[in-house]
Structures are given as C-alpha cells and as structure tokens.
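Novice: All I have is the shape, not the residue letters:
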C-alpha cells in the first residue's frame, strides 16, 4: 500500500450501516479496600459509528467519555456489553487480532506532547506506524507515504517536519503529527478524545476543519469526544450527551444543541461560553455537584441536581423516550403521564 484510500463518492451519499457499534457498553473499576465496591464508570451505553459521519460524545469531566473511547479502542476490557466491527463481535486486546483491529480503529489522544515520544523524530514516529500496520512495504513506497501523511495533515513541505523532535513543534503541529500517525494505519474509524482541548483557542478550529476534511476525503467514521457542546454543534452530525456514565440524550447535533430535551443538556448549554448562540437557558438552575460513581444515586442519576425532579426520578431510572425526529432523552418529563405542570415548567409539548 503506497497511497491513502479515498472515499467512494457514491457510497458517501447514502446512509451506511454502522462500521463500529457498541451495545450495552459497561465498565466497572474495582475499588481497593474492604467490600466489593466498584466505580460505575460507564453503564449501558449504545453507540453507532458510520463511515463519513461524526458522532460527538459530550459531557463534563468524569462523565465516562474517555472510558468509552478506551473501551472502543480495546485498551480496556468490558464488564458487560458488546462491540462489533462490521457486524462481527470484537474481543481483541493483544496479538494479531488486536493489531488487525487497530488497522481499522485508531485513537487520537488529548495531549499531543504526551502521546509522542520526546526522544524520537517525526520520521521515526510515522515510519513505525507504517511498518507495524503495513509490513513488507518497500522503502520507496514508505518514503512516498511519509510525504503523503504529512501533506494530508497540512504539514508542508514534508521534509521541513520529518527530522524535527516533538518539542520543536507547536501544539497544533504536534496534534497534526499524531493524526498523521493514526492515518498511517489507513483506518476506517478515528476515536478523537478531546483532540483540541490542549490547543490554543486560535488553532482549534483549524484542527477541527482538518478532521472534517479527512472525514470527507477518506470516508472516515469519527467519534469526537468533548466537553464543549458548542464545538459539537459545529463539527458533528449527531451528538450523544453523557452524565455520570450514562447516556441522557442523543440526536442530530442541531436539534440537541438548539432544542435540548434533557435538563442536563440545558445545563451544558447554559455553561457554554457562547450559550446565547446555542439556544435558551434552562428555566430552572441545576444545583450541587456530579455524584459519586462508587455509590451513584438511585433512579435518575441527575435527579439530585435537577430543578424539575419528580418523585419517580428518585426511585426509578427513566427509559429513553422519543422526543423528536431522531432525538431521544432519558427523562421522566417525556412520559405520557407526566403532569401538565411539569410539562409547562420545562416547555415540553403535550
């Protein structure tokens, strides 16, 4: 293989089946000490990633977003649930099966400086990726691909960057090298874990535009993990909102950010720097702090902070309700028997 694959324009125009799918994704971490206590980091998360599409996974720190990414990357073992690649169940954490999986699914980490070995030049970083995922490639093909990878991430001319160490690059350039390293596997899925949060505000949009261009050109499926719901609206086709390890809302990004259905989503929007551009603030004001995931609240995990909590929210976890075309929320306010008073308080249509 000497060139990067290009997207099939015909297939990109249709809704494709999920290339990577997670059902009931659950991860508990044991806690040291007496008893059999665990951290309920991720609980029953469903995700579908389609080629040529971006899904944003949004939530505050500690909501379980990065754990989901590491589970999908097979860096952590599942407590429960199932991950499938092209419909085939995956459970590979080492050896040849894991390497084959990594050729399809690559991860971009939050801190580009920490993810690049400081003692190796860019040439070594990219060459190692190519050698691992494309054994037997000829030297001339490898040199051609090195140039293609750097050109693809807008580091041109390539020869200017190949012999540089990570500390000689800016934060944005380091993240572009990390993206190029992921592309060296010729993947179909990118798991981008807060890829711009460590970068200066002035260059974040450039990296997001790069990822969007790669998505279109290479027909990639991208999971974009962020705490910034405003960037999710800008970058993603669909947005999934997580709170305390669980999905509380999901749907088209425009709908989720402009017409948020769950009180927690409204809290995220209200706290966004450009919240006024996203939509109306919540009528009530959330209170308190995120719960302990060692002893999570009964019922809805958001109920201790929710300004619209009802009695059943305390005792029973809500199912996912359909609240619009393609938009869903796990909130009792959308139950058929929710009181008119509560509907009016939250602006829910009958």
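Specialist: Good, I have the coordinates. All values derive from a computational prediction rather than experimental measurement.
Novice: What are the boundaries of the strands in the stretch 101-250 of the chain?
Specialist: Secondary structure of the stretch 101-250 of the chain (DSSP state E, counting those that start in this stretch): strands at 105-108, 189-193, 221-226, 238-243, 246-252.
Novice: For the very next helix or strand once past the longest one, name the packing helices and strands.
Specialist: For strand 246-252, the succeeding helix or strand toward the C-terminus, using DSSP states H and E, is helix 253-258. In terms of contacts (3 or more CB pairs under 8 Å, 6 or more residues apart in numbering; DSSP states H and E), helix 253-258 is packed against helix 229-235, strand 238-243. C-beta: built from backbone N, CA, C; applies to glycine.
Novice: Out of these, which is closest to residue 92?
Specialist: Nearest of these to residue 92, taken as CB to CB: strand 238-243 at 24.5 Å.
Novice: partners of the closest one in the sheet?
Specialist: When pairing is defined by DSSP bridges, strand 238-243 lines up against strand 54-58 (parallel), strand 246-252 (antiparallel).
Novice: Could you pull out the helices in the stretch 101-250 of the chain for me?
Specialist: 112-115, 122-133, 139-152, 171-183, 201-218, 229-235 (DSSP state H, counting those that start in this stretch).
Novice: tell me the pLDDT at residue 1?
Specialist: On the pLDDT scale, residue 1 is placed at 44.
Novice: mind starting the numbering at 7 from now?
Specialist: Renumbered: residue one is now 7, and that last one reads residue 7.
Novice: Count the residues that sit near residue 307.
Specialist: 24 (other CB atoms under 10 Å).
Novice: Is it possible to get JSON lines of the strands of the stretch 107-256 of the chain that adds distance to residue 220?
Specialist: Formatted as JSON lines, those follow (distance: least, CB to CB, whole Å):
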{"stretch": "strand 111-114", "distance to residue 220": "11"}
{"stretch": "strand 195-199", "distance to residue 220": "8"}
{"stretch": "strand 227-232", "distance to residue 220": "8"}
{"stretch": "strand 244-249", "distance to residue 220": "18"}
{"stretch": "strand 252-258", "distance to residue 220": "22"}
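Novice: Dump the ones you listed to JSON lines, plus mean neighbour count and mean pLDDT.
Specialist: Conversion of the strands of the stretch 107-256 of the chain to JSON lines gives the following (neighbours: other CB atoms under 10 Å; pLDDT from 0 to 100):
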{"stretch": "strand 111-114", "mean neighbour count": "24", "mean pLDDT": "95"}
{"stretch": "strand 195-199", "mean neighbour count": "25", "mean pLDDT": "96"}
{"stretch": "strand 227-232", "mean neighbour count": "25", "mean pLDDT": "96"}
{"stretch": "strand 244-249", "mean neighbour count": "26", "mean pLDDT": "97"}
{"stretch": "strand 252-258", "mean neighbour count": "24", "mean pLDDT": "97"}
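Novice: related to what we said a few turns ago, among the strands paired with strand 244-249, which is nearest residue 178?
Specialist: Comparing the strands paired with strand 244-249 by CB to CB, strand 60-64 comes nearest, at 19.7 Å.
Novice: quick check: angle from the closest one to strand 227-232?
Specialist: 20 degrees (axes from the mean of the first three to the mean of the last three CA atoms, to 10 degrees).
Novice: and strand 60-64, how far out from the chain's middle?
Specialist: 5 Å (CA atoms, centre = their mean, to the nearest Å).
Novice: Would you indicate which residues of the next helix or strand after it are buried?
Specialist: For strand 60-64, the following helix or strand on the C-terminal side (DSSP H and E) is helix 71-78. For helix 71-78, the neighbour count (16 or more other CB atoms under 10 Å) marks 71-75, 77-78 as buried.
Novice: what packs against helix 71-78?
Specialist: By 3+ CB pairs under 8 Å, 6+ apart, helix 71-78 packs against strand 26-36, strand 44-55, strand 60-64, strand 111-114, strand 195-199, strand 227-232.
Novice: which other residues reach the last one?
Specialist: Counting by CB atoms under 8 Å, 6 or more residues apart in numbering, the neighbours of strand 227-232 from elsewhere in the structure are 25-26, 53, 55-64, 71-72, 74-75, 78, 194-203, 217, 221, 238, 241-242.
Novice: cool, the fifth one as well?
Specialist: Under the criterion CB under 8 Å, 6+ apart, residues 25-26, 55, 71-72, 75, 78-79, 110-116, 188, 217, 220, 226-231 lie in contact with strand 195-199.
Novice: how far out from the middle of the chain is that strand?
Specialist: Counting by CA atoms, centre = their mean, strand 195-199 comes out at 6 Å from the chain centroid.
Novice: Could you do stretch 76-94 as well?
Specialist: For stretch 76-94 - counting by CA atoms, centre = their mean - the centre lies 14 Å from the chain centre.
Novice: pLDDT on it, on average?
Specialist: Average pLDDT, stretch 76-94: 95.
Novice: Check what contacts it and list those residues.
Specialist: With contact meaning CB under 8 Å, 6+ apart, stretch 76-94 is reached by 23-34, 48, 50-51, 53, 73, 95-99, 104, 107-108, 110-111, 113, 197, 229.
Novice: returning to what we had before: present the helices of the stretch 107-256 of the chain as CSV; the columns should include mean neighbour count and mean pLDDT.
Specialist: Listed next are these as CSV, based on neighbours: other CB under 10 Å; pLDDT from 0 to 100:
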stretch, mean neighbour count, mean pLDDT
helix 118-121, 17, 83
helix 128-139, 18, 93
helix 145-158, 17, 93
helix 177-189, 23, 94
helix 207-224, 16, 91
helix 235-241, 21, 88
